[in-house]
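> Would you be able to build a 3D model of this:
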Amino acid sequence: MACTSRTCPTETRPGSDPVLAASLLATIGRVRFPVVLFDLDGTVIDSGAIILASMRHAAETVVGGEWSDDELMKAVGGPGLEAQMVALDPNRVDELVRVYRAHNEPLHDTLDYCGNMDAVLGELHDRGHRLGIVTAKRRVTVELAFSKLPLEHLFETVVGGDETERHKPDPEPLLLALERLGARAEEAAYVGDSPFDMLAARAAGLYAIGVSWGRIHPAGKLAAADVIVDRPEELLELV
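You can find the predicted model right below:
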């Protein structure tokens, strides 16, 4: 299999450095999924704590009472913030959303990566994988995350939660990402931390990779995953 100019930098093309060229060819030969799409919250960025804090603030401020972590987080990552707030009080959704966002957006200044995800994403990009983000976050909130953690240049497409009519677990957001990339479902994997991610991946025909480090949903809820990984570095062997 010959390298192309896209997958093989000039200094490692066959004939320049045989050892490096052989290594790169071996890496390309192991690629299972040329396209790898990622959820954002709890998968790439370690945002579980700030989401929980803002959900609790909104629930206690607007509705009152005490709320368990499971009650507050069970719909996170799925059908969008408005739908999540219906479970708290269907009659005060707009107020809950407003209070949540006012509390949550400033907390993006405290964000960090999930483990070694920045290095893993960089390596996947350097190998020639085409990367994308498919998230329930609105695009404006995605930009807040990218302003703190400069990863945007690694992704060819970003699908935000306000860009489709239907949301995970519906496959529409994933299908939109594939359409933008001109890619087929069978050549793509989706990496996420929620049951909604896994169900959406299955419905869209993508390989579903669940991650256990998100701190939003327990790994036991990822039953629809094709495989579950515990460390970001494991992705390098899977895709």
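> if you skip the residues just before and after it, what's nearest to the most centrally placed residue in the chain?
What sits nearest the mean C-alpha location of the chain, by Cα atoms, centre = their mean, is residue 39, with 1.3 Å. Sequence neighbours aside, residue 192 is the residue nearest to residue 39 in space, at 3.5 Å (criterion: Cβ to Cβ, 6 or more residues apart in numbering). (C-beta placed from N, C-alpha, C; glycine too.)
> residues contacting the residue nearest to the centre of the chain?
77, 133, 134, 135, 190, 191, 192, 193, 194, 197 (Cβ atoms under 8 Å, 6 or more residues apart in numbering).
> Tell me how many other residues surround the fourth one.
The local packing of residue 135 (other Cβ atoms under 10 Å) involves 27 other residues.
> can you give me the helices in this structure?
18-30, 48-58, 69-73, 81-86, 93-104, 117-127, 139-148, 172-181, 195-204, 235-238 (DSSP state H).
> Can you tell me which of the ones you listed is nearest to residue 166?
helix 172-181 (4.3 Å; Cβ to Cβ).
> how far away is residue 108 from residue 65?
Noted for residue 108: a distance of 27 Å to residue 65, by Cβ to Cβ, to the nearest Å.
> what's the answer for residue 83, then?
Distance, residue 83 to residue 65, using Cβ to Cβ: 21 Å.
> of those two, who's got more company?
Taking neighbours as other Cβ under 10 Å, residue 83 and residue 65 compare with residue 83 leading, 13 against 7.
> thought that one was touching residue 77?
No. Applying Cβ atoms under 8 Å, one finds residue 83 not in contact with residue 77, separated by 11.2 Å.
> For stretch 155-166, buried residues please.
Residues of stretch 155-166 classed as buried: 155, 156, 157, 158, 159, 160, 161, 163, 164 (neighbour count, 16 or more other Cβ atoms under 10 Å).
> which residues does the fourth one contact?
Residues in contact with residue 158, defined by Cβ under 8 Å, 6+ apart, are 132, 133, 135, 139, 142, 152.
> Please repeat the previous calculation with a cut-off of 7 Å.
132, 133, 142 (Cβ atoms under 7 Å, 6 or more residues apart in numbering).
> hang on, the earlier thing: which residues sit in contact with the residue nearest to residue 39?
Taking Cβ under 7 Å, 6+ apart as the test, what residue 192 contacts is 39, 43, 198, 210, 211.
> Make a markdown table out of those residues and add pLDDT and distance to residue 97.
Below are the contacts of residue 192 laid out as a markdown table (pLDDT from 0 to 100; distance: Cβ to Cβ, whole Å):
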| residue | pLDDT | distance to residue 97 |
| --- | --- | --- |
| 39 | 98 | 21 |
| 43 | 97 | 23 |
| 198 | 97 | 26 |
| 210 | 97 | 28 |
| 211 | 97 | 27 |
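> In PyMOL, how would I select the buried members of those?
Only the buried entries of those go into this PyMOL selection, using 16+ other Cβ under 10 Å:
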select buried, resi 39+43+198+210+211
